[in-house]
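In: Return a 3D structure for these sequence lines:
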Amino acid sequence: TAGLHHLVWEVLDNAIDEAMNGYASNIAVTLHEDGSAITVADDGRGIPVERHAQLSEEMDRDVSTLEGVMTVLKFGGKFQKGAYQTSGGLHGVGVTVVNFLSEWCEVEVSREGKVHHMEFERGQTVKKLAVIGKAKGTGTLITFKPDPEIFRETTEFKSDRISQRLRELAFLNPGLEIVFTDERNSAAAPERCI
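Out: Have a look, this model is predicted:
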């Protein structure tokens, strides 16, 4: 279960990095009704979605920066000089590994007035990057479900464990608002950590 929850921490670390570097002020974490699909959303800049020239040349097809972040190890923005003053996680490996270890993963990026969407299964792109609407702001939303073929013991996240981690992160990041919703408990209000 430590490895299972580490998937959440990796996605969460990217959102925290946006906040720590002054680009985000809100994070929402939603544990869905099945207990094993989870969404982490932030109001940061959004993962870049433009065509990545070097990666497109290497793969001999058009590849977006978002697809590179999600499917190519050590490709993330944390490797670019000056991208972040501070950062956590596995530095360009984390969200890629989360994608590889997930039965499915969906990403929505709000950037430059548009909402962009991609889908993956076990680390492979199954729905190419597409614009699905107009964006009101900016940010990244990642929803994933751990792969039961890898996490054989359980794919169900522990709500109290996530809640505790979010409280700690809120304490360490003054001014950041984190909202946690557990859809399995419809009677409970979302937990706000500021």
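
In: all contacts plus neighbour counts: C-alpha atoms, from now on.
Out: Will do.

In: For the protein, name the helix or strand with the lowest mean pLDDT.
Out: Comparing every helix and strand of the chain by mean pLDDT, DSSP states H and E singles out strand 191-193 as the least confident one, with a mean of 77.

In: And the contacts of it?
Out: 166, 167, 170, 177, 178, 179, 180, 181 (C-alpha atoms under 8 Å, 6 or more residues apart in numbering).

In: run the last query once more with 7 Å
Out: Here strand 191-193 makes contact (C-alpha atoms under 7 Å, 6 or more residues apart in numbering) with 167, 170, 177, 178, 179, 180, 181.

In: hey, what's the last one bridged with?
Out: Just to be clear, that refers to residue 181. residue 30 (DSSP bridges).

In: what about residue 70, how many residues close to it?
Out: 27 (other C-alpha atoms under 10 Å).

In: Correction: the previous question concerned residue 164.
Out: Residue 164: 11 neighbours (other C-alpha under 10 Å).

In: Work out the gap between the helix or strand that it is a member of and the centre of the chain.
Out: Assigned by DSSP states H and E, residue 164 belongs to helix 159-172. Here helix 159-172 shows a centroid-to-chain-centroid distance of 16 Å under the convention C-alpha atoms, centre = their mean, to the nearest Å.

In: Flag every buried residue along it.
Out: Using 16 or more other C-alpha atoms under 10 Å as the test for burial, helix 159-172 gives 162, 163, 166, 167, 169, 170.

In: for stretch 24-35, same thing?
Out: Buried, per 16+ other C-alpha under 10 Å, within stretch 24-35: 24, 25, 26, 27, 28, 29, 30, 31, 32, 35.

In: Could you dump those residues into JSON lines and include distance to residue 133 and pLDDT?
Out: Below are the buried residues of stretch 24-35 laid out as JSON lines (distance: C-alpha to C-alpha, whole Å; pLDDT from 0 to 100):
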{"residue": "24", "distance to residue 133": "21", "pLDDT": "97"}
{"residue": "25", "distance to residue 133": "23", "pLDDT": "97"}
{"residue": "26", "distance to residue 133": "21", "pLDDT": "97"}
{"residue": "27", "distance to residue 133": "21", "pLDDT": "98"}
{"residue": "28", "distance to residue 133": "21", "pLDDT": "97"}
{"residue": "29", "distance to residue 133": "22", "pLDDT": "97"}
{"residue": "30", "distance to residue 133": "22", "pLDDT": "97"}
{"residue": "31", "distance to residue 133": "24", "pLDDT": "97"}
{"residue": "32", "distance to residue 133": "23", "pLDDT": "96"}
{"residue": "35", "distance to residue 133": "28", "pLDDT": "93"}
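
In: Identify, from those residues, the entry nearest to residue 103.
Out: residue 35 (14.1 Å; C-alpha to C-alpha).
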